[in-house]
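Visitor: I would like to see how this sequence folds:
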Amino acid sequence: MIIRTKIGILGGGQLGKMLMQAGSRWDLDLWSMDKDFDFPAAKVTNQFVEGDFTHYESVYTFGQQMDILTIEIENVNTEALHQLEKEGKRVYPQPAVIDMIKDKGLQKEFYRNNNLPTSKYLLLEDKKEILAALAKETISLPFVQKARTEGYDGRGVQIVRSLEDLNKLFDRPSVIEELVPIKSELAVLVARNRSGQIVTYPCVEMAFHPTANLVEQLISPARIPEKIENQARELARKIIEDFNMVGLLAIEFFLTSDNQLLINEAAPRPHNSGHHTIEANITSQYEQHLRSILNLPLGDPSLRSSAVMINLLGENGYTGPVIYQNLDSCLGIQDVHIHLYGKKETKPFRKMGHATILDEDLDAAIMKAKEVAKTLKVIA
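Guide: Predicted structure coming up:
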């Protein structure tokens, strides 16, 4: 019986919270581990364990008590996960996949080795190597620098456009990518269970905050030709098959000015680009992830309604106990669904929640989303 399977989630942030909420519908035995009880997942369960998911002993001890282990963040101690897997624990996504994806350099190499389309790149060790490559004209301005590890929510990524920008280079192992001309940024969720069944979600369109480099608005379905939609979903299927991964994979694409799809990067877990699926799709990304790791039949990913998702970010200049300004006004707008993560303190551009706005008319949903974004402010 699936309800007797003890499932451990490494990470207790908002993704862990929403996994917990999805699993509660089936009375699953879900446990979560993070550093302290202030994390969002602790608000919805009494099966929260304090521990550091980057430490071997914490992960190993937690994992020994579980039947299945999964993640809500890539930056976990995979050495412990490899050992648990050797001892017969089911770990999904598999530790080898997590190792590959959490290193953006290894991820890019994987795409190239599997003939998957991605932008041109070089792997360089530090600031000195980057400057030397620039002097030798091996690379040229402008370019994108991505730290190979520990980048998250826009951190560890920057565009270097001019000589003046060189003083802000990260002095760490990096992926240096050419800056391609982008028409739009897209994402596809794809899920695969242990039996090999695969489903893909409709493509979504993303707009990013200009300074925080976070998803500011997501539009579903993406306003793209059917041919591009089909190509993105087929690529998503190929990627998860090539990874031989079990679980949910979020894949971000660039659609270039000449209508070429390039893989930007992937995340082997529920993702910001799938928050809208809770209300807008027949099966949410959170339920789908649980179905995948439990080897259940995968759910229907089809849209129920057009939707726009906006992240509720801490306003710039505010740090302190959180206040949601004009929340009541937004709750009065039809088919606006607000999710607050339960973080006690706001900081500039911190993800404090999201809102999903539904409407059969996509343009109407976009207009309502603009109204919510203008009205609801996260301050201290």
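
Visitor: tell me the mean pLDDT over stretch 102-120?
Guide: In this model, stretch 102-120 carries a mean pLDDT of 97.

Visitor: so how far is that stretch off the chain centroid?
Guide: With Cα atoms, centre = their mean, to the nearest Å as the basis, stretch 102-120 stands 18 Å off its chain's centre.

Visitor: repeat for stretch 111-125
Guide: 20 Å.

Visitor: from here on, call the first residue 260.
Guide: In the new count, where the first residue is 260, that last one comes out as stretch 370-384.

Visitor: so what's residue 456 up against?
Guide: If you count contacts by Cβ atoms under 8 Å, 6 or more residues apart in numbering, residue 456 has them with 556-557. (Glycine included, C-beta is placed from N, CA and C.)

Visitor: ugh, wrong one, I meant residue 612
Guide: Applying Cβ under 8 Å, 6+ apart, the residues near residue 612 are 273, 570-571, 583, 597-600, 637.

Visitor: pLDDT of the host helix or strand of it, averaged?
Guide: For residue 612, the element it lies in under DSSP states H and E is strand 610-617. In this model, strand 610-617 has a mean pLDDT of 97.

Visitor: would you mark the buried spots in it?
Guide: Across strand 610-617, burial judged by 16 or more other Cβ atoms under 10 Å covers 610-617.

Visitor: swap in stretch 322-330?
Guide: 322, 325, 327-330.

Visitor: between those, which sits nearest residue 337?
Guide: residue 330 (9.6 Å; Cβ to Cβ).

Visitor: before we move on, back to that, now render the buried residues of strand 610-617 as CSV, adding distance to residue 418.
Guide: Shown next, in CSV, are the buried residues of strand 610-617 (distance: Cβ to Cβ, whole Å):
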residue, distance to residue 418
610, 22
611, 26
612, 28
613, 25
614, 28
615, 29
616, 30
617, 34
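
Visitor: tell me the one of those nearest residue 364?
Guide: Proximity of the buried residues of strand 610-617 to residue 364 (Cβ to Cβ) peaks at residue 610, which lies at 26.0 Å.

Visitor: grab the nearest non-local neighbour of the closest one.
Guide: Leaving aside its chain neighbours, residue 610 sits nearest to residue 570 (5.7 Å; criterion: Cβ to Cβ, 6 or more residues apart in numbering).

Visitor: related to what we said a few turns ago, so which of the buried residues of stretch 322-330 belong to strands?
Guide: Cross-referencing those against strands under DSSP state E gives 327-330.

Visitor: for residue 278, state which of those is nearest.
Guide: For these, the nearest to residue 278 is residue 329 (7.9 Å; Cβ to Cβ).

Visitor: strands of the stretch 260-409 of the chain, residue ranges please.
Guide: Here the stretch 260-409 of the chain has its strands, by DSSP state E, counting those that start in this stretch, at 265-269, 288-293, 307-309, 327-330, 349-350, 380-383, 402-406.

Visitor: and the contacts of the first one?
Guide: If I follow you right, that is strand 265-269. The contact list for strand 265-269, computed with Cβ under 8 Å, 6+ apart, reads 275, 278-279, 282, 287-292, 300, 312, 318, 321-322, 324-332, 335, 549, 552-553.

Visitor: can you give me the domain assignment for this structure?
Guide: 261-350, 379-437, 441-638 (automatic domain parsing).
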